[in-house]
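A.B. asks: Got a predicted model here, sequence first, then my questions.
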Amino acid sequence: MNVQTSQQSYSDWQLRAGAISIECRAFIDGGYVHAASGRTFETINPATGRVLAHVAACDDIDVDRAVKVARRSFDS
């Protein structure tokens, strides 16, 4: 265990947690993109019931795009 990490206070951990940025877009073709529909869904923290993030609600259009790009990469 890292001694420096074990000596962090609760408020230190809260500051660290507050600095975390959660990426909510889909990762397709080497970059983050919004769902083609523009829709999102809530991701809930089960411990608190609070919304953690609004994540891209990908559907068949997004899946088709990701598969097409993956196939192209695989075949090259």
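C.D. replies: Great, that's in hand. As the structure is a prediction and not an experimental result, all values here were calculated from the model.

A.B. asks: Residue 56: how many residues sit nearby?
C.D. replies: A count of nearby residues for residue 56, using other C-beta atoms under 10 Å, gives 22. All C-beta atoms are positioned from the backbone trio N, CA, C, and that covers glycine.

A.B. asks: Just the pLDDT for it.
C.D. replies: Note on residue 56: pLDDT of 97.

A.B. asks: and it, what are its bridge partners?
C.D. replies: residue 40 (DSSP bridges).

A.B. asks: how about the strands in this protein?
C.D. replies: For the chain, the strands defined by DSSP state E cover 26-28, 31-33, 40-44, 51-56.

A.B. asks: what's in contact with the third one?
C.D. replies: Translated: strand 40-44. 24, 50, 51, 52, 53, 54, 55, 56, 57 (C-beta atoms under 8 Å, 6 or more residues apart in numbering).

A.B. asks: and if you look at the longest one?
C.D. replies: Residues from elsewhere that reach strand 51-56, judged by C-beta under 8 Å, 6+ apart: 22, 24-26, 33-35, 39-45, 62.

A.B. asks: quick revisit: out of the contacts of strand 40-44, grab the one that's most surrounded.
C.D. replies: Neighbour max across those (other C-beta under 10 Å) = residue 56, 22 neighbours.

A.B. asks: Quick check: longest helix in the protein by residues?
C.D. replies: helix 60-75 (DSSP state H).

A.B. asks: Could I get the buried residue list for stretch 59-73?
C.D. replies: By 16 or more other C-beta atoms under 10 Å, the buried positions in stretch 59-73 come out as 62, 65, 66.

A.B. asks: related to what we said a few turns ago, for the contacts of strand 40-44, could you give me CSV that also reports distance to residue 75?
C.D. replies: Conversion of the contacts of strand 40-44 to CSV gives the following (distance: C-beta to C-beta, whole Å):
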residue, distance to residue 75
24, 30
50, 44
51, 40
52, 37
53, 34
54, 35
55, 30
56, 26
57, 29
